[in-house]
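[1] Pasted the sequence and its predicted model underneath.
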Amino acid sequence: MNILITGAASGIARRVIEKLDAKQHHIYVAVHTTKQLELVQLRYHNLKHITCLKLDITDEKDRKQIESLPIDILVSNAAIGYSGSIAEIPIDLVRDNFDVNVFSNFSLVQLALKGMIQRKHGRVIMMSSLAGVAPVPFLGSYCASKASINMLTSNLRLEMKLLKANIDVITIQPGLYYTGFNQVMTENKYGRMNLDTYFKTQLEFLKKYETPFYHLLESKNLDQIANKIVKAIDSKHPRAIYRSR
C-alpha cells in the first residue's frame, strides 16, 4: 500500500512510520518546510520504502504534487494550534487555525479522493483530537477546528458509502500526548494576553499551573496512539473512530 502521511516531521507521525511494515507499505513522508525535509531525508536516507517530500498543505502548488502519486491511504496529520480566549483572540488567528486544520486538510483530501474513487479503493485517516469533543478553556479556536474535522469526516464517511467505492474514512481522536505541540499552543497566548486581557486575575494562575498540569497529564509514551493509527491503516475492517486517552 502507498501511504501519504502529512505533518510527519516528528511526534506521533514519526512513531507511526517506525511501526509500519516496510514489506507491506511504501510511505510518502510529507513535511511542512525545506529544513524539515532535509532532516527527514537524513533520517530515512537508507530506507527504500520511504520517499520524503515537502508538502505545505496551505500551498496549492504543493498540494497538487499528490495528484501524480498512487495514494492508497492518506493520513492527514498536519495541524497548528492557537490559544487564547474566544472573547479576545484575534480573528485572523482563528481563520489561520481553520485554514490549516480544516480547509487545507480537506482540500488535500479532495485531491487524494480523485484517485481513490477512480481505482475504487482507498482509505482516508483524519487526525482530530478529543479536544474536538470536549471544550477546553483558552483553546476554543483549536477545539472548534477539530470539532469541524470530526463532523466533516463523519459526513464524508456516509457519502463514500453511497458511492460504494470501497473507501474507508476514519477519525483518530488522541488525548494528551507529549510531543511539544501542546506547549507551543498553550504558551502562544501569553504575549497577547499580557498586553490587555479580560482575564488579568486568572493570568498568573494560568502561567504558574498550566505547564505542570500538562506535564502531569500528558503521556510520554506514544505507542498507544501510534498503535491505534497503525490498526486504522492495516485493519481489513477498520473502526470509524479510534480514541486514545
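    Great, that's in hand.
[2] Doesn't residue 94 belong to a helix?
    Yes: judged by DSSP: H, G, I helix; E, B strand; the rest coil, residue 94 forms part of a helix.
[3] For residue 88, pull up the helix or strand it's in.
    Assigned by DSSP states H and E, residue 88 falls within no helix or strand.
[4] In this structure it contacts residue 195, no?
    No: in this structure residue 88 lies outside contact range of residue 195 using CB atoms under 8 Å: 10.2 Å. Bear in mind the C-beta positions are built from the backbone N, C-alpha and C, glycine included.
[5] More neighbours: which of those two?
    Legend: neighbour count by other CB atoms under 10 Å for residue 88 and residue 195, higher for residue 88 (13 against 7).
[6] For the longest helix anywhere in the chain, which outside residues touch it?
    Determined from DSSP state H, the single longest helix within the chain is helix 140-163. For helix 140-163, contacts defined as CB atoms under 8 Å, 6 or more residues apart in numbering pick out 79, 81-86, 89, 93-94, 97-98, 101-102, 105-106, 109, 117, 124, 126-129, 131-136, 167-171, 173, 185, 240.
[7] again, 7 Å this time
    For helix 140-163, the external contacting residues (CB atoms under 7 Å, 6 or more residues apart in numbering) are 81-82, 86, 89, 93-94, 97-98, 101-102, 106, 117, 126, 128-129, 131-132, 135-136, 167, 169, 171, 185, 240.
[8] Mind checking which of those residues are buried?
    For the contacts of helix 140-163, a burial check counting by 16 or more other CB atoms under 10 Å picks out 81-82, 89, 93-94, 97, 101-102, 106, 126, 128-129, 131-132, 167, 169, 171, 185.
[9] Please narrow the residues you listed to those residing in strands.
    126, 167, 169, 171 (DSSP state E).
[10] Most widely separated two among those residues?
    The distance between the two most remote of those (CB to CB) is 14.3 Å, for 167 and 171.
[11] quick one: the closest residue to residue 190 other than its chain neighbours and residue 158, what's the gap?
    Leaving aside its sequence neighbours, residue 190 sits nearest to residue 207 (CB to CB, 6 or more residues apart in numbering; 6.8 Å). Look at residue 207 and residue 158: by CB to CB, to the nearest Å, they are 44 Å apart.
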